[in-house]
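Chemist: This is a predicted model, with the sequence first.
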Amino acid sequence: MRTALAVIDRDGVAGLTMRKFGAELGVDPMAVYYYLPDKGALFDAVVEAVLDEVGLPEPAPGATWQSVVWDACQRLRTVLRRHPHTVPLIGTRPVLTPRTLASSDLLIRQLVDTGLSAPEGLRILTCARAYTLGHLLVEVGVPAGPPPEANVAPAEVMAAYPALAAGMAQGYDPDGQFDLGLRALIDGLGGR
């Protein structure tokens, strides 16, 4: 599925068709249907490929649920930044294949091993994953609609909004923003 992922990286999710996938593989597009029944199965395979890239290493001895969730979200973000066009696919396509279910099960078992119950682990992972995907949509997502106008915020316009201008003076630090929000979420869930 690396080929399908490469097509999405280059052309976006809408650019991945069975015909284009077949052409990239150098086979008749109809031959693809022998292995994948439809485009949904192709998307499922792409999600699996991305999650395989995320991986799930064993937690360090003495790991806490907070460190397990932190590491899982950081790995997910790192991989999805390499494949930004997959963010909407990962966020909206429920893939219930044995590989994706096994990955989720392993992560929840790791959280159970730190002292959480399985329902607590699932709720915490769901919140942290939603935060991660939402942040990524802002960070690397393709804007909807026509391209924004260049120089939307020149200095003379921003002078009318001094608090906003002061807040933006340090620039945008996506890593710092992500870490701040994830830490706040994890800390807040600590009192669950």
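Modeler: Good, I have the coordinates. Numbering: from 1, shown residues only.

Chemist: hey, let's count contacts and neighbours off CA atoms from now on
Modeler: OK.

Chemist: Quick check: which ranges of this protein have low pLDDT?
Modeler: For the chain, applying pLDDT under 70 flags the ranges 148-153, 192.

Chemist: residue boundaries of the helices in the protein?
Modeler: Assigned by DSSP state H, the helices in the chain fall at 2-11, 18-25, 29-35, 39-54, 65-82, 87-92, 98-113, 118-140, 155-158, 162-168, 174-189.

Chemist: Figure out how far the second one is from the centre of its chain.
Modeler: It stands for helix 18-25. Centre-to-centre, helix 18-25 and its host chain are 25 Å apart (CA atoms, centre = their mean, to the nearest Å).

Chemist: Also the last one?
Modeler: On the basis of CA atoms, centre = their mean, helix 174-189 sits 16 Å off its chain's mean C-alpha point.

Chemist: What angle do helix 65-82 and that helix make with each other?
Modeler: 150 degrees (axes from the mean of the first three to the mean of the last three CA atoms, to 10 degrees).

Chemist: tell me what helix 174-189 is packed against?
Modeler: Secondary-structure packing of helix 174-189 (3 or more CA pairs under 8 Å, 6 or more residues apart in numbering; DSSP states H and E): helix 65-82, helix 118-140.

Chemist: Kindly reformat the helices of the chain as JSON lines containing mean neighbour count.
Modeler: Shown next, in JSON lines, are the helices of the chain (neighbours: other CA atoms under 10 Å):
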{"stretch": "helix 2-11", "mean neighbour count": "17"}
{"stretch": "helix 18-25", "mean neighbour count": "16"}
{"stretch": "helix 29-35", "mean neighbour count": "13"}
{"stretch": "helix 39-54", "mean neighbour count": "19"}
{"stretch": "helix 65-82", "mean neighbour count": "18"}
{"stretch": "helix 87-92", "mean neighbour count": "16"}
{"stretch": "helix 98-113", "mean neighbour count": "17"}
{"stretch": "helix 118-140", "mean neighbour count": "17"}
{"stretch": "helix 155-158", "mean neighbour count": "11"}
{"stretch": "helix 162-168", "mean neighbour count": "12"}
{"stretch": "helix 174-189", "mean neighbour count": "14"}
